[in-house]
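S.K.: can you look at this prediction? I've put the sequence above it.
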Amino acid sequence: MSLFAHASLEEVIHGRARLAILAFLSTVGKADFVTLRGEVRISDGNLSQHLKKLEDAGYIRLDKTMASGKPRTIANLTVEGRDAFYAYLDHLQSLLNAIPERGAEV
């Protein structure tokens with residue numbers, strides 16, 4: 001497959017919000033819903049949908065509990081999620097390395 005084939009980028013990760021979620025979780029390991037919402041800056045509904053896609057892919061695990069009578073959701077980055085995120089970054093870096101310097105003649 002070509003380095004530049006668009007299908008070679010992991011679609012689940014490539015979405016802007018999901019990329020931001022995985023990037024943040026890669027720095028902290030796990031975070032509650034409120035913290036993620038504040039860091040990624042998307043609505044509750046959008047965050048829920050993106051977390052579900054990441055969970056379905058096995059990239060995160062969602063732990064739901066009750067705290068002081070209120071539901072609390074914790075997103076945990078899985079080993080598979082960390083590996084997939086770094087593989088995505090490696091592929092993206094390969095794409096960037098293949099691009100000529102700005103101003104270079106092609």
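M.R.: That came in fine, so what should we check first?
S.K.: just give me the neighbour total for Leu96.
M.R.: Using other Cβ atoms under 10 Å, Leu96 is surrounded by 8 other residues. Backbone N, C-alpha and C define where each C-beta goes, glycine included.
S.K.: phi, psi of it?
M.R.: Note on Leu96: its backbone torsions stand at phi -60, psi -40 [degrees, to the nearest 10].
S.K.: any idea how far it lies from Ile42?
M.R.: 26 Å (Cβ to Cβ, to the nearest Å).
S.K.: just the buried residues of the host helix or strand of Ala17, please?
M.R.: According to DSSP states H and E, Ala17 maps onto helix 16-28. Neighbour-count burial for helix 16-28, counted by 16 or more other Cβ atoms under 10 Å, picks out 17-22, 24-25.
S.K.: how about stretch 33-42?
M.R.: 33, 36-37, 39-40, 42.
S.K.: same check, this time on stretch 49-61
M.R.: Within stretch 49-61, the residues scored as buried using 16+ other Cβ under 10 Å are 50-51, 53-55, 57, 59-60.
S.K.: then stretch 76-88?
M.R.: Within stretch 76-88, the residues that count as buried by 16+ other Cβ under 10 Å are 77-78, 81, 84-85, 88.
S.K.: closest to Glu101 out of those residues?
M.R.: Distance to Glu101, by Cβ to Cβ, is smallest for Tyr88 among the buried residues of stretch 76-88, at 23.9 Å.
S.K.: so what's the closest one scoring on pLDDT?
M.R.: Reading off the confidence values, Tyr88 has pLDDT 94.
S.K.: quick check, it in a strand?
M.R.: No - according to DSSP: H, G, I helix; E, B strand; the rest coil, the state of Tyr88 is helix, so it is not within a strand.
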